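*Asks:* With the sequence up front, the predicted model follows.
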Amino acid sequence: MRLDPPDSYWKKDVALFLGRRLSLAIKMLYPAAIILPVAASGIPAQYAAAVVGLVAIMAGTFGAGESLTNDINDGILVRVALTPLSPYRIVAEILVVNAALDFLQLLPALAGVYLLHPAPPAWVLAATVAVFATLLTANAIGVLLANFTSSPADVLLYATIVLFPLIYLSGFFRNQHPEGLLAALRHLVPFAYMNDALKEIFGLATAASPLAVILVPTLLGALTAAAVCLTAPRLLSPRL
């Protein structure tokens, strides 16, 4: 596929995503290669939901953090900062576009899950929105980490430190029915709502409602993205 040279930073990511057919095919197939065998198996619903959730979280966080760190080291972001565009706009575009590209990668796998596990349309919509909100939040975490890292290896280390407690609070593997402070904290993590929606898709009833799963993580993801956009001047500044 032939594309015109990008004239803004977010178009670079789109060009890299769509530019090579083999690479595009691999990017589209690898989430399905992980998720669909799990969806077709008979493992408990909570673990099947956890696998889908982990793929989404890791794809968003590592993809954004490592890509930005490489571009920082190559001096690309410093040159982007010299353009007349607002740094806040640049970072906002990075977040939205990368979350959309990650969602496009996951869409075939999600479609396969919905076909293998038919669920009410309300829960299908809720799960789809919650996955996108998770990807937006994960990309925001990746962008935030790029402010403090100097290599892709650092992104992996710091992301693990940040994501582990969030995944625990969300109830992916343990802490399925938290109480008190843990329950209150769980309500503040967008990943938890995606986890509830995916459990419903896989046949495990939860206390969540489709409306809450749509509205709350969308709001939390948007607030997280907005907060990370405030770091734009630091992200685009020269590194010593």
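*Replies:* Yep, that arrived. Numbering: from 1, shown residues only.

*Asks:* Can I get the helix or strand where residue 220 lies in PDB? Just the C-alpha atoms.
*Replies:* In this assignment (DSSP states H and E), residue 220 forms part of helix 210-229. Taking C-alpha atoms only, helix 210-229 is exported to PDB below (Å, rounded to 0.1, in the frame of the first residue of the first chain):
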ATOM      1  CA  PRO A 210     -24.300  -2.300  30.600                       C
ATOM      2  CA  LEU A 211     -24.900   1.500  31.100                       C
ATOM      3  CA  ALA A 212     -22.400   1.800  33.800                       C
ATOM      4  CA  VAL A 213     -19.900  -0.200  31.800                       C
ATOM      5  CA  ILE A 214     -20.300   2.200  28.900                       C
ATOM      6  CA  LEU A 215     -20.300   5.500  30.800                       C
ATOM      7  CA  VAL A 216     -17.900   5.100  33.700                       C
ATOM      8  CA  PRO A 217     -14.800   3.800  31.900                       C
ATOM      9  CA  THR A 218     -15.400   6.200  29.100                       C
ATOM     10  CA  LEU A 219     -15.400   9.100  31.600                       C
ATOM     11  CA  LEU A 220     -12.400   7.700  33.500                       C
ATOM     12  CA  GLY A 221     -10.400   7.100  30.300                       C
ATOM     13  CA  ALA A 222     -11.200  10.600  29.000                       C
ATOM     14  CA  LEU A 223     -10.100  12.200  32.300                       C
ATOM     15  CA  THR A 224      -6.900  10.100  32.300                       C
ATOM     16  CA  ALA A 225      -6.100  11.100  28.700                       C
ATOM     17  CA  ALA A 226      -6.800  14.800  29.500                       C
ATOM     18  CA  ALA A 227      -4.500  14.600  32.500                       C
ATOM     19  CA  VAL A 228      -1.700  13.000  30.500                       C
ATOM     20  CA  CYS A 229      -2.100  15.700  27.800                       C
END
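
*Asks:* Now do it, average pLDDT.
*Replies:* Averaging pLDDT along helix 210-229 gives 93.

*Asks:* C-terminal to it, what's the next element?
*Replies:* helix 232-235.

*Asks:* what's that following helix packed up against?
*Replies:* helix 87-116 (3 or more C-beta pairs under 8 Å, 6 or more residues apart in numbering; DSSP states H and E). Placement of C-beta: from N, CA and C, glycine included.

*Asks:* If we use 10 Å, what do you get?
*Replies:* helix 76-81, helix 87-116, helix 121-146 (3 or more C-beta pairs under 10 Å, 6 or more residues apart in numbering; DSSP states H and E).
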